[in-house]
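K.L.:
have a look; sequence and predicted model below, questions after that.
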Amino acid sequence: MAQPSSIYRANIQLADVDRGIYETLQATVARHPSETEERLVARLLAYSLFFEPGIAFTKGISAVDEPDLWVKGPDGRVLLWMEVGIPESDRIVKACRHTERAALVACGKAFLSWEQQHLPKLVNIPNLTVISFDQTFINCLTSKLDRTINWDVTITDGNLYINVGVETYDTVLKVRTGKR
């Protein structure tokens, strides 16, 4: 019998000074049994980094023809296609052809080899943004992960700060291509 997904409730106080966005975000996120906690944290970071009205989590890992997050227009067209992790560059190139904007929050244990092999194929795509941050940052957030997530997220001058309880974690947003 298959294991059920784990449900997480996220409450995020977002202060994105760089984009002038100040919001209280609430989301219910399912973590598929084959998804790591690190990837779940990265999806929540992507949700915060690219927040705009209409952003939504998709079926994710269990739907190969959907991104991890997206924004759809009123006519059903995908306006923002967002991936998390280290997907094949062909998948990203294809997505960029079918959407106005695409974004990738690139992270994972094999990021360095992915960066050498796939990033050169993506750097000249005009509607693509690729952002990465240190795996250590994700690991710190994962160590504090509860089923109810309460984060205060501040993004300013290309830095990301997250308060979890009394702890503060920070990292530099590394924009590999495009703009956030």
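P.N.:
Yep, it's here.

K.L.:
so what's the residue sitting nearest the centre point of the chain closest to, chain neighbours aside?
P.N.:
With distances taken as Cα atoms, centre = their mean, the residue of the chain nearest its centroid is A46 (2.2 Å). Nearest residue to A46 in three dimensions, chain neighbours excluded: V105, at 4.2 Å (Cβ to Cβ, 6 or more residues apart in numbering). Just so you know, the C-beta spots here come from the backbone N, C-alpha and C atoms, and that holds for glycine as well.

K.L.:
for the one you found, what are its contacts?
P.N.:
A42, L45, A46, L49, M82, E83, V84, G85, I131, S132 (Cβ atoms under 8 Å, 6 or more residues apart in numbering).

K.L.:
residue boundaries of the helices in this protein?
P.N.:
37-49, 89-97, 111-118, 135-143 (DSSP state H).

K.L.:
can you tell me the distance between the two ends of stretch 130-144?
P.N.:
26 Å (Cα to Cα, to the nearest Å).

K.L.:
buried sites along it?
P.N.:
For stretch 130-144, the neighbour count (16 or more other Cβ atoms under 10 Å) marks V130, I131, S132, F133, Q135, F137, I138, C140, L141, T142 as buried.

K.L.:
what average pLDDT does it get?
P.N.:
Mean per-residue pLDDT for stretch 130-144: 95.

K.L.:
now it, how far from the centre of its chain.
P.N.:
11 Å (Cα atoms, centre = their mean, to the nearest Å).
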